[in-house]
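**Student:** next input, structure requested:
(chains A and B)
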Amino acid sequence: MLRREGDIRIPSGCAIAAIMNRKGERFNGQQILASIAAMHQRSNGLGGGFAAYGIYPEYRDYFALHIFYDDDGARQICERYLQHHFRIKHQEPVPVRQSRRIAGAPLIWRYFARPREDKFYREHIGEEEFVARVVMTINADLRGAFVASSGKNMAAFKGVGYPEDIGEYYRIEEYQAYIWTAHGRFPTNTPGWWGGAHPFTLLDWSVVHNGEISSYSTNRRFLEMYGYKISLQTDTEVIAYAFDFLMRRQGLCLNDVVDVVASPFWSQLEEEKQARLRRKYSGLLLNGPFSIIVATNNGLVALNDRIKLRPLVAALQDEFLYVASEEAAIRVVAQRLDRVWSPGGGEPIVGLLHDKKGLLDVAPSAIQAAQSA
Amino acid sequence: MMAVFDAVEYNHHTLLEAMNQSPDEEIEVLNLNGQRYLGCGWKNHKSLILHGTVGNNLGAFCEGPTILLYGNGQEGVGNTMSAGEIIVHGRVGDIAGYSMRGGSLYIRDDAGYRLGIHMKAYQDKSPLIVVGGRSGAFLGEYMAGGTIIILGLNDPGFSPIGPYCGTGMYAGEIWLRGEVPSNHVADNIKAEVFQEKARLEVIMPHLQRFAACFGYDMSIILDKPFTRLTVVDKRIFSRLYTGFAG
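**Tutor:** Residues are numbered from 1 along each chain as shown, chains lettered A, B, ... in the order given. Below is the predicted model:
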């Protein structure tokens, strides 16, 4: 049995990093591995992980489901459930490199699949909403199965260990991506388990997080009203769902989402629109210290809490955007930088692919589906 | 005698050990990237010359050394130092000069959030921070003594400070080159704008030292008036719980 996280608190001390090529040109996982390894001291070996975008071009139209299983029995039960809801184009174990430094790994499989049309048409929802619901059902109700990621052309590779060892275990240097994010974890009063490592994901969204969301219970209750199953009992989970809710389902633009999750204090609110968002989505204000990197297939946003209680540095070099908890983690992979800076609290660093308007370029059909949902 | 270390040849731990055990008065370290606690706790008058991006807590708790950094600092530069001088040819991250109680810290470019938080002075000790660029929000938070000078030399169009400057401050002085947006300064702070150079007498040696460190012309530094921020009421919480006027 995998140990589930028993407590909501994840105290800070973690490391986060991201490297993105804004032209969408892909590069392998060696740089992000070196970047997160440079912050080794920020982790304690109880969690590490990576999100990679653009790694499955041959299956770009399929949802890539990466699933952890406690044992083969859990796999068989989960696969029956998957076959009932999806047409699976291809499935295989995720290739790993055995290592003495990685122990207690679950069975890790991936499935390239499309939802069965009769299923989601009958429920009058779009296929993304359908996949989101299936993922939450597996995580909440299928014992011994955990969906690590469920987006298209992306995956989360995560587990218990130092991030550099986790990266070696998953052979991330063999993947080519245009966005990489990474996390080194330092949990001090909750057990480290494979599902509890970062990134946390839903559909294309992935979140890596350093800090603590003290508004977790408020955020959780708000999201539960809209059908999100908060089953992992970790604060970072609500960040992924908050972005999913505000952007995919409510259709908010990124600036408005930032004003919701890292709203300025009332005394510093300048526009009526900010105040309106603050009132309408007060349950999604993320309080407490955090630095996060949220990524999708279109780009990424890095953000601090509104009074900046965690470190965050960004840098640009040609088409590359770098973000990390420490400048040293950027310098280790890019000595010559065009610009290095620290954003203020609540001030997002946005990296978008050249041809994208927002983190989520929603197709008209998806908006319709979201509105009817 | 001068010792030269190449940081690439050491891990974090062995580098600190080699530096701490070196008998030389002058120590130069090349190719630094992310090494924490350099010069931490040094109680001596050695000279440390560093090249690269240093890790957190450069010169923390130090008492006496001169630290020259050619590169950027991360978080906690000069944390709780009580004597000595740190000169950064670059920028620094958050909480530089945290609880500093003596010595001086010169930063050529920008400083992050909470610069000089909890700084304090005692008897003959009075810490000093001079920043050539801008500082982030919460500058001088809970400040209890010493002097902070922000010059804003690099981005003339922007405010040299962020919001909530001087929150919870009850002693010490913050000097800003130019005038500042009043909504950035805490309620308890009095801002006085000085046009005449004669009024800058107390900070003039610090400005001259800054100009000498980084090759600035004094006429550029003095081309604007200075604003001095000091506290109005030293007992800011006196009315909060007791109901009595302080």
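**Student:** just the CA coordinates of stretch A:248-262, formatted as PDB?
**Tutor:** Output of stretch A:248-262 as PDB, limited to C-alpha atoms (Å, rounded to 0.1, in the frame of the first residue of the first chain):
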ATOM      1  CA  ARG A 248     -10.700  26.300 -18.300                       C
ATOM      2  CA  ARG A 249     -14.100  26.500 -16.700                       C
ATOM      3  CA  GLN A 250     -14.600  30.200 -16.000                       C
ATOM      4  CA  GLY A 251     -12.600  31.400 -19.000                       C
ATOM      5  CA  LEU A 252     -10.600  34.100 -17.000                       C
ATOM      6  CA  CYS A 253      -7.500  35.500 -18.600                       C
ATOM      7  CA  LEU A 254      -4.200  35.000 -16.800                       C
ATOM      8  CA  ASN A 255      -4.000  38.600 -15.300                       C
ATOM      9  CA  ASP A 256      -7.300  38.100 -13.700                       C
ATOM     10  CA  VAL A 257      -6.300  34.700 -12.300                       C
ATOM     11  CA  VAL A 258      -3.300  36.300 -10.800                       C
ATOM     12  CA  ASP A 259      -5.500  39.000  -9.200                       C
ATOM     13  CA  VAL A 260      -7.600  36.300  -7.700                       C
ATOM     14  CA  VAL A 261      -4.900  34.000  -6.300                       C
ATOM     15  CA  ALA A 262      -2.400  36.700  -5.300                       C
END
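**Student:** and the contacts of that stretch?
**Tutor:** A:128-129, A:203, A:226, A:239, A:242-243, A:246-247, A:273-274, A:277-278, A:281, A:284-286, A:301, A:303-306, A:345-346, A:348, A:350, A:358-360, A:362, A:366-367, A:370, A:373 (Cβ atoms under 8 Å, 6 or more residues apart in numbering or on different chains). Every C-beta, even on glycine, is put in place using the N, C-alpha and C of the backbone.
**Student:** tell me which residues in it are buried?
**Tutor:** Within stretch A:248-262, the residues that qualify as buried are A:R248, A:R249, A:Q250, A:L252, A:L254, A:D256, A:V257, A:V258, A:D259, A:V260, A:V261, A:A262, counting by 16 or more other Cβ atoms under 10 Å in any protein chain shown.
**Student:** quick one: which of these is nearest to chain B?
**Tutor:** A:A262 (13.3 Å; Cβ to the nearest Cβ).
**Student:** what pLDDT is listed against that closest one?
**Tutor:** You'll see A:A262 listed with a pLDDT of 92.
**Student:** grab the nearest non-local neighbour of it.
**Tutor:** Spatial nearest neighbour of A:A262, excluding adjacent residues (Cβ to Cβ, 6 or more residues apart in numbering or on different chains): A:G346 at 3.8 Å.
**Student:** my guess is the one you found contacts A:F265, does it?
**Tutor:** No - between A:G346 and A:F265 there is no contact, the gap being 9.6 Å when judged by Cβ atoms under 8 Å.
**Student:** most centrally placed residue in chain A?
**Tutor:** A:S206 (1.5 Å; Cα atoms, centre = their mean).
**Student:** who's it bridged to?
**Tutor:** As for beta bridges, A:S206 partners with A:T201, A:A295 under DSSP bridges.
**Student:** is it true that it touches A:S150?
**Tutor:** No - with contacts counted by Cβ under 8 Å, A:S206 stays clear of A:S150, the gap being 10.3 Å.
**Student:** now the buried residues of stretch A:248-262 in TSV, with distance to A:H183?
**Tutor:** Shown next, in TSV, are these (distance: Cβ to Cβ, whole Å):
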residue	distance to A:H183
A:R248	23
A:R249	26
A:Q250	27
A:L252	26
A:L254	22
A:D256	26
A:V257	21
A:V258	21
A:D259	25
A:V260	23
A:V261	19
A:A262	19
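**Student:** now these as TSV including distance to B:I174 and secondary structure?
**Tutor:** Shown next, in TSV, are the buried residues of stretch A:248-262 (distance: Cβ to Cβ, whole Å; DSSP: H, G, I helix; E, B strand; the rest coil):
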residue	distance to B:I174	secondary structure
A:R248	46	helix
A:R249	46	helix
A:Q250	43	coil
A:L252	39	coil
A:L254	35	helix
A:D256	35	helix
A:V257	35	helix
A:V258	30	helix
A:D259	30	helix
A:V260	34	helix
A:V261	32	helix
A:A262	27	coil
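**Student:** report how many residues lie close to the residue of chain B found nearest chain A.
**Tutor:** Residue nearest to chain A within chain B (Cβ to the nearest Cβ): B:G34, separated by 2.7 Å. Number of residues near B:G34 (other Cβ atoms under 10 Å in any protein chain shown) recorded here: 22.
**Student:** got it, and the one 3 residues further on?
**Tutor:** A count of neighbours around B:Y37, defined by other Cβ under 10 Å, yields 22.
**Student:** so what's it up against?
**Tutor:** B:L16, B:G55, B:N56, B:N57, B:L58, B:A60.
**Student:** so where do the helices sit in chain A?
**Tutor:** Using DSSP state H, the helices found in chain A span residues A:30-37, A:72-85, A:117-122, A:127-141, A:163-169, A:216-225, A:235-243, A:254-261, A:272-280, A:327-331, A:364-372.
**Student:** for those, give me CSV that also has distance to A:H198.
**Tutor:** Rendered in CSV, the data for those read as follows (distance: least, Cβ to Cβ, whole Å):
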stretch, distance to A:H198
helix A:30-37, 11
helix A:72-85, 23
helix A:117-122, 29
helix A:127-141, 15
helix A:163-169, 9
helix A:216-225, 15
helix A:235-243, 6
helix A:254-261, 17
helix A:272-280, 27
helix A:327-331, 16
helix A:364-372, 27
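**Student:** mean pLDDT lowest where, among those?
**Tutor:** helix A:364-372 (a mean of 48).
**Student:** pull out the buried positions in stretch A:214-221.
**Tutor:** A:S214, A:S215, A:Y216, A:T218, A:N219, A:R220.
**Student:** which one of those sits closest to A:E92?
**Tutor:** Nearest to A:E92 out of the buried residues of stretch A:214-221 is A:R220 (Cβ to Cβ; 34.9 Å).
**Student:** ok, now which ones touch that closest one?
**Tutor:** Counting by Cβ under 8 Å, 6+ apart, A:R220 has contacts A:I230, A:V238.
**Student:** quick one: mean pLDDT over stretch B:225-245.
**Tutor:** Mean pLDDT, computed over stretch B:225-245, is 75.
**Student:** which parts of stretch A:49-58 are buried?
**Tutor:** Buried residues in stretch A:49-58, counted by 16+ other Cβ under 10 Å: A:G49, A:F50, A:A51, A:A52, A:Y53, A:G54, A:I55, A:Y56.
**Student:** quick one: neighbours of A:E117, just the number.
**Tutor:** Quick note: A:E117 (other Cβ under 10 Å) scores 11 neighbours.
**Student:** quick check: it vs A:F130, distance?
**Tutor:** 10 Å (Cβ to Cβ, to the nearest Å).
**Student:** among the contacts of B:Y37, which are located in helices?
**Tutor:** Those of those lying in helices (DSSP H): B:L16.
**Student:** save the contacts of B:Y37 as CSV, and put in neighbour count too.
**Tutor:** Shown next, in CSV, are the contacts of B:Y37 (neighbours: other Cβ atoms under 10 Å in any protein chain shown):
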residue, neighbour count
B:L16, 17
B:G55, 24
B:N56, 25
B:N57, 23
B:L58, 31
B:A60, 22
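**Student:** tabulate the contacts of B:Y37 (JSON lines), appending distance to chain A.
**Tutor:** As requested, these are arranged in JSON lines below (distance: Cβ to the nearest Cβ, whole Å):
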{"residue": "B:L16", "distance to chain A": "13"}
{"residue": "B:G55", "distance to chain A": "6"}
{"residue": "B:N56", "distance to chain A": "8"}
{"residue": "B:N57", "distance to chain A": "11"}
{"residue": "B:L58", "distance to chain A": "12"}
{"residue": "B:A60", "distance to chain A": "15"}
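**Student:** spatially nearest residue to residue 77 (excluding sequence neighbours)?
**Tutor:** No chain in the question, so chain A it is. Going by Cβ to Cβ, 6+ apart, A:I77 has A:L142 as its nearest residue, at 6.5 Å.
**Student:** please refer instead to chain B.
**Tutor:** Excluding its sequence neighbours, the residue lying closest to B:V77 (Cβ to Cβ, 6+ apart) is B:A96, at 4.2 Å.
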